[in-house]
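**Q** give me a 3D structure for the following:
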Amino acid sequence: MNIALIGYGYWGPNLLRNFSSVNGCTAHTLCDARPERLTLAQKIYPTLNVTTNIDDVIANKNIDAVVIATPVFSHYPIAKKALLAGKHVLIEKPMTSSVKEAEELIEIADKHNRVLMVDHTFLYTSAVEKMKSLIEAGDIGNLKYLDSTRINLGLFQPDVNVLWDLAPHDVSICDYLIADKPVSVQATGISHTNNGIENIAYLTLNYQSNFIAHFNCSWTSPVKLRQMLVGGDKKMISYNDMEASEKIKIYETGYEIKSEEDKTKILVDYRTGNIFIPKLETNEALKGMANDFVQALINNTKPRCDAQLGLRVVKVLEASQESIKNNGKEVKIK
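**A** Predicted coordinates:
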């Protein structure tokens, strides 16, 4: 499989490095509008074909798949061109800037029998895989909540707000871990710039069950936090991505409601037990993602981060944007 990468900015070098080492594919062509970026890449990969023109990639019959690592607003038009040309497509998160665009890309991919995948890299980390296995094994019990914090003194994006920038990571993890899907969202946020783009935002996902998920995202924090809590009625999980080795901790901690007959005197039995720190495999998540994409092309299998997952994330983001603009109004996810 010959793969072309479009976009060699912040994430592009990581993608190129991993696709260059995955079995079953060749990093064939790199496309970027900036010649100096192409020159830099060719110093590392001397045999790499380069071009500043996207149409060169689309028209090249030797290229089987396209990886798109460009700004969000450009995902849809580039992916549409590639799919219509019969190429498989991998898009950086978020998949598109609207639900309508995502649905159209899925329709085109299905019509042309092409793989359409979104790079939600965190789903390939050993920490998230461990949480998934614990939940599926029933070790955590019935899930009650997920609480996520992803904050730092980060780069203010000129085209999307902080939720579109940071929340896709944790919304995709939530989607992967939780079998139930949210029915509505509520979000609030604020912009401290003159462009109306929120740099701090809070998002809540509501479910038909008694499960709830909450996300705190900010570009204006003095500290960088990447933390997630997942609570069940048996155990609770703490996931701290900033930890070098002990990213996952499992707490044998919980509570049980003993009596609710008198609403003013609810009896709660608290349980505190051991803390278990599982050993995690050392692997590069991005290489796992790249390998999943290539294997989907070769074996015609469904990738972990398929287009439907990408669509569900965009649905949450689009609904959250509507909620923010309406002062936190609950918005149904269609």
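**Q** can you check which strand is longest in the protein?
**A** strand 220-232 (DSSP state E).
**Q** packing partners for that strand?
**A** Applying 3 or more C-beta pairs under 8 Å, 6 or more residues apart in numbering; DSSP states H and E, one finds that strand 220-232 contacts helix 126-136, strand 143-153, helix 162-177, strand 236-240. Backbone N, C-alpha and C define where each C-beta goes, glycine included.
**Q** helices of the stretch 151-300 of the chain, start to end?
**A** 162-177, 285-299 (DSSP state H, counting those that start in this stretch).
**Q** and the ones you listed, which is most packed in?
**A** Mean neighbour counts were taken over the helices of the stretch 151-300 of the chain using mean count of other C-beta atoms under 10 Å, and the top value, a mean of 24, falls to helix 162-177.
**Q** pLDDT on it, on average?
**A** Averaged across helix 162-177, the pLDDT comes to 98.
**Q** same thing with stretch 320-333?
**A** Here the average pLDDT along stretch 320-333 is 97.
**Q** what of stretch 228-247?
**A** On average, stretch 228-247 scores 95.
**Q** please renumber the chain so that the first residue is 609 from this point on.
**A** Sure thing, new numbering starts at 609, so read that last one as stretch 836-855.
**Q** return the distance of it from the chain's centre.
**A** 18 Å (C-alpha atoms, centre = their mean, to the nearest Å).
**Q** pull out the buried residues from that stretch.
**A** Neighbour counts over stretch 836-855 (16 or more other C-beta atoms under 10 Å) mark 836-840, 843-849, 855 as buried.
**Q** cool, stretch 611-624 as well?
**A** For stretch 611-624, by 16+ other C-beta under 10 Å, it's Ile611, Ala612, Leu613, Ile614, Gly615, Tyr616, Trp619, Gly620, Pro621, Leu623, Leu624.
**Q** what's the end-to-end length of that stretch?
**A** Chord length of stretch 611-624, first to last residue, is 10 Å (C-alpha to C-alpha, to the nearest Å).
**Q** helices and strands of this protein: which one has the lowest mean pLDDT?
**A** strand 862-867 (a mean of 75; mean pLDDT, DSSP states H and E).
**Q** rewinding a little: of the helices and strands packed on strand 828-840, which is nearest Gly918?
**A** Nearest to Gly918 among the helices and strands packed on strand 828-840 is helix 770-785; the distance by C-beta to C-beta comes to 8.3 Å.
**Q** report the distance from that closest one to the chain centre.
**A** 5 Å.
**Q** with stretch 739-758 instead?
**A** 17 Å.
**Q** span of it from start to end?
**A** Across stretch 739-758, first to last residue, C-alpha to C-alpha, it's 18 Å.
**Q** buried ones in it, by neighbour count?
**A** Met739, Leu742, Ile743, Ile748, Leu751, Lys752, Leu754, Ser756, Thr757, Arg758.
**Q** same check, this time on stretch 681-691
**A** Neighbour-count burial for stretch 681-691 [16+ other C-beta under 10 Å]: Ser682, His683, Tyr684, Ile686, Ala687, Lys688, Lys689, Ala690, Leu691.
**Q** show me the contacts for Asn818.
**A** Lys752 (C-beta atoms under 8 Å, 6 or more residues apart in numbering).
**Q** same thing but at 10 Å, please
**A** Asn750, Leu751, Lys752, Tyr753 (C-beta atoms under 10 Å, 6 or more residues apart in numbering).
**Q** export those to a markdown table and tack on distance to Ala635 and pLDDT?
**A** Shown next, in a markdown table, are the contacts of Asn818 (distance: C-beta to C-beta, whole Å; pLDDT from 0 to 100):
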| residue | distance to Ala635 | pLDDT |
| --- | --- | --- |
| Asn750 | 45 | 94 |
| Leu751 | 40 | 96 |
| Lys752 | 44 | 96 |
| Tyr753 | 42 | 97 |
